[in-house]
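Novice: The following block contains a protein sequence and its predicted model.
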Amino acid sequence: MERLRKFLDFIEELIITLFVFILISTYIFRIFSINGDSMCSTLESGDRIIANLLPHNYEQGDIVVINAKNSVILNDDNSLDISEGINKTIVKRIIATGGQTVDMDFSTGAVFIDGERIFEEYLTFGLTHKDEGAFDYPVTVPEGYVFVMGDNRSESLDSRSNKVGFIPEKDIVGEVIFRILPTDKFGTLEQEEKRGK
């Protein structure tokens, strides 16, 4: 009888642990894999990351996981044109948030937010020389949306493309806060690397 009680206690603890794990992985944290080179060298293909799923105010410089189901660009009258996106989960860096104005000088590779150049120390594969044609710059990000780019600008499909465009904040799955693989890069993303300021 004692052995049965201990076994039932063990099963109960196992079920509670599993339930807590499911709650945490569904609503608080989730593990994702990086596929592709668009965030090199900050994040590389094969890296495993943890994202914070709790909603909060996203900021310029945050690295986020996105459900890119919709593409949002501007019509000629500056109204939003919402169409089907690439229907993939992608990881990008927020360059501007709602109300901020993005400008780019593709000849020099410089990116400007609200008229001030941002210095992106996290870019190790070149500056922003590639225009994907989604917008005429400068462009102001609508409230409730963000403008994102990958850190490997020549290899990134991001807000510069009409296949992605502006990202609705509701389509942000979470913010990348931790890398678990590879083991030699285990830990949080460095603040300087993250902000690029």
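Specialist: Right, received. Where do you want to start? Numbers count the residues shown, from 1 in each chain.

Novice: Could you list the low-confidence segments of this protein?
Specialist: 19-27, 190-197 (pLDDT under 70).

Novice: Can you pull up the most central residue in it?
Specialist: Centroid-nearest residue in the chain, with C-alpha atoms, centre = their mean: Val64, separated by 2.1 Å.

Novice: Does that one have any beta-bridge partners, and if so which?
Specialist: Under DSSP bridges, the beta-bridge partners of Val64 are Lys92, Glu175.

Novice: My guess is it contacts Ile172. True?
Specialist: Yes. At 5.0 Å, Val64 and Ile172 qualify as touching, with contact defined as C-beta atoms under 8 Å. (Glycine included, C-beta is placed from N, CA and C.)

Novice: Now for the two: what residues contact both?
Specialist: Residues touching both Val64 and Ile172 comprise Tyr58, Val146, with contact defined as C-beta atoms under 8 Å, 6 or more residues apart in numbering.

Novice: before we move on, back to that, from Leu181, how far out is the residue nearest to the centre of the chain?
Specialist: Distance, Val64 to Leu181, by C-beta to C-beta, to the nearest Å: 19 Å.

Novice: where do the helices sit along the chain?
Specialist: Using DSSP state H, the helices of the chain run over 2-27, 191-195.

Novice: what separates Leu54 from Gly144, distance-wise?
Specialist: Leu54 is 18 Å from Gly144, by C-beta to C-beta.

Novice: what about the strands in the protein?
Specialist: Ranges of strands in the chain, per DSSP state E, are 29-33, 48-52, 63-67, 70-74, 80-84, 89-97, 101-105, 110-113, 116-118, 139-140, 145-149, 167-168, 172-181, 187-188.

Novice: between the ones you listed, which one is nearest to Thr124?
Specialist: In terms of C-beta to C-beta, the element of the strands of the chain nearest to Thr124 is strand 89-97, at 13.3 Å.

Novice: Centre of the chain to that closest one, how far?
Specialist: Strand 89-97 sits 4 Å away from the centroid of its parent chain (C-alpha atoms, centre = their mean, to the nearest Å).

Novice: and what of stretch 181-188?
Specialist: 18 Å.

Novice: What's the end-to-end length of it?
Specialist: End-to-end distance of stretch 181-188 (C-alpha to C-alpha, to the nearest Å): 11 Å.

Novice: Understood, closing this out.
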